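Asker: Sequence plus predicted model, see below.
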Amino acid sequence: VTGKLFGLGVGPGDPELVTLKAQRILQFVKVVAYPVTDSGTSFARSIVAAYLPHGCTEMPIFVPMRVARSPAYAVYDSAAAAILAHLRASHDVAVLCEGDPFFYGSFMHLYTRLHGHCAIEVVAGVSSLTAGAAAIQRPLAARNDILTVIPAPLPDAKISKLLAVSDATAVIKVGRHFTRIRRLIENAGLMGVATYAERVGLPNQRLQPLASLDDHHVAPYFSMILTYDGAEDWPAGPGFATLADTAE
Ligand SMILES: C[S@@+](CC[C@H](N)C(=O)[O-])C[C@H]1O[C@@H](n2cnc3c(N)ncnc32)[C@H](O)[C@@H]1O
């Protein structure tokens, strides 16, 4: 197999956060693959639309958003086979990954299937976690702070436990779990130090103290909530919720 596979992190949404390395690789690959959601859109592709090489072959991978794993796994099986066919024909292939490929990225499913069958390079990208902290201008964590990433679909008891033992948290995959997560954060006494960040880096980005949003807020999938309850006394930045400036 002479073609090379690239797992290409393209950052969290702002095209200026696409690395020079990702741009360089996009200039020479023959095939560009990317996940497409049920709605028919590809966020990863939209981020690098301006950098896509002329005449490249595009390979949309239609990934069903289901709790059950098998439908998506069947899609990854056939996508891996199609990618391997291109690699065998000496075509380099880039798989676009929103944010960083190995931070909760779907690329790992293709990596698992193709590892050992071809040369693979994983290109790190700016993750939404660091972009979110930069956007709200509050450091994620410092010194011996424990930072925990909490996927919102986890059960209540587990989330409450993690909120209790962490100095800083990033709740990701908020979407339809918003109301439940808001309540759990409130119960944990963290409402005054929780900031909501939606569509970070996009023109319709939204940053707000969590306490300023009501229970009925409709959160998109691309939203997160960052809390900080550690030892540091960070200065207030845009979107920074503190007990002082938030009416609870
Ligand atoms: C499956 S994870 C993928 C993370 C991605 N690989 C990364 O490195 O950031 C998707 C979750 O990341 C968060 N996310 C990704 N991009 C975001 C953005 N631009 N703004 C806010 N949250 C984002 C959301 O919580 C979303 O539900």
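Answerer: Now that the structure is in, tell me what you want to look at.

Asker: What are the boundaries of the helices in this structure?
Answerer: Ranges of helices in the chain, per DSSP state H, are 20-28, 43-47, 70-88, 107-114, 128-136, 156-165, 178-187.

Asker: May I have the third one exported as PDB, CA atoms only?
Answerer: Only the C-alpha atoms of helix 70-88 are listed here, as PDB (Å, rounded to 0.1, in the frame of the first residue of the first chain):
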ATOM      1  CA  SER A  70     -23.600  -1.100  15.100                       C
ATOM      2  CA  PRO A  71     -25.100   1.200  12.300                       C
ATOM      3  CA  ALA A  72     -22.100   3.500  12.600                       C
ATOM      4  CA  TYR A  73     -19.600   0.700  12.900                       C
ATOM      5  CA  ALA A  74     -20.900  -0.800   9.600                       C
ATOM      6  CA  VAL A  75     -20.400   2.600   8.000                       C
ATOM      7  CA  TYR A  76     -16.800   2.800   9.300                       C
ATOM      8  CA  ASP A  77     -16.200  -0.700   8.000                       C
ATOM      9  CA  SER A  78     -17.100   0.200   4.500                       C
ATOM     10  CA  ALA A  79     -15.400   3.600   4.600                       C
ATOM     11  CA  ALA A  80     -12.200   1.900   5.800                       C
ATOM     12  CA  ALA A  81     -12.400  -0.500   2.800                       C
ATOM     13  CA  ALA A  82     -13.000   2.400   0.300                       C
ATOM     14  CA  ILE A  83     -10.100   4.400   1.800                       C
ATOM     15  CA  LEU A  84      -7.800   1.300   1.600                       C
ATOM     16  CA  ALA A  85      -8.800   0.900  -2.100                       C
ATOM     17  CA  HIS A  86      -7.600   4.500  -2.700                       C
ATOM     18  CA  LEU A  87      -4.400   4.000  -0.800                       C
ATOM     19  CA  ARG A  88      -3.700   0.800  -2.800                       C
END
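
Asker: hang on, residue 45 packs against residue 34?
Answerer: Yes - assessed by C-beta atoms under 8 Å, residue 45 is found in contact with residue 34 at 4.6 Å. Backbone N, C-alpha and C define where each C-beta goes, glycine included.

Asker: Counting neighbours, what do you get for the closest residue to the ligand within the chain?
Answerer: Nearest residue of the chain to the ligand: residue 99, at 2.1 Å (C-beta to the nearest ligand atom). When neighbours are counted by other C-beta atoms under 10 Å, residue 99 registers 27.

Asker: how close does it get to residue 8?
Answerer: 11 Å (C-beta to C-beta, to the nearest Å).

Asker: Pull up the overlap in contacts between the two.
Answerer: With C-beta atoms under 8 Å, 6 or more residues apart in numbering applied, the overlap between the contact sets of residue 99 and residue 8 consists of residue 125.

Asker: what sits against the closest residue to residue 172 other than its chain neighbours?
Answerer: Leaving aside its sequence neighbours, residue 172 sits nearest to residue 224 (C-beta to C-beta, 6 or more residues apart in numbering; 5.0 Å). Residues near residue 224 by C-beta under 8 Å, 6+ apart: 128-129, 132, 170-172, 174, 196-197, 200.

Asker: Can you check the pLDDT for residue 224?
Answerer: We have a pLDDT of 98 for residue 224.
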